[in-house]
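Asks: here is my input; please provide its structure:
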Amino acid sequence: MTRDNAIIRVYDGGKYIQLAFYMDDPDRELTPYYYYEKFGDSYEEMSGMPGSGEGDRLGFYKKAPDYEEVKGKETKLKE
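Replies: Residues are numbered from 1 along each chain as shown. Predicted structure coming up:
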């Protein structure tokens with residue numbers, strides 16, 4: 001798993017990161033989504049967040065990310 005096969009989304013000025021990786025499995029395009037929250041200078045994985053990327057308790061699925069990258073290429077910046 002590398003940045004070249006990942007979806008990376010950054011929210012709230014870098015406080016939260018959501019990511020998933022593309023798979024070679026034709027039955028499943030992505031791994032479950034992982035969520036990280038920044039504490040000081042490091043990030044910790046958040047528990048209780050949905051692997052589907054939908055319906056998370058912080059409402060990321062309804063927000064535009066501050067930054068988004070797909071397979072190593074920037075795709076979206078919040079305006």
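Asks: helix or strand for Y35, just tell me which one.
Replies: strand 34-39 (DSSP states H and E).
Asks: and that strand, what's buried?
Replies: Buried residues in strand 34-39, counted by 16 or more other Cβ atoms under 10 Å: Y35, Y36. For every residue, glycine as well, the C-beta is placed using N, CA and C.
Asks: tell me the strands beside that strand, with direction?
Replies: Next to strand 34-39 in the sheet, as set by DSSP bridges, lie strand 16-21 (antiparallel), strand 42-45 (antiparallel).
Asks: show me the shaky parts of the chain.
Replies: Low-confidence segments of the chain (pLDDT under 70): 25-28, 76-79.
Asks: repeat that with 80
Replies: Applying pLDDT under 80 to the chain flags the ranges 1-2, 24-28, 76-79.
Asks: Y67: which of the strands paired with strand 34-39 is closest?
Replies: strand 16-21 (9.4 Å; Cβ to Cβ).
Asks: now the closest one - C-alpha only, CSV.
Replies: Written as CSV, here are the backbone C-alpha positions of strand 16-21 (Å, rounded to 0.1, in the frame of the first residue of the first chain):
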residue,chain,number,x,y,z
TYR,A,16,-8.4,14.6,10.6
ILE,A,17,-7.2,12.4,7.8
GLN,A,18,-9.3,9.7,6.0
LEU,A,19,-7.7,7.2,3.7
ALA,A,20,-8.3,4.0,1.8
PHE,A,21,-6.3,2.0,-0.7
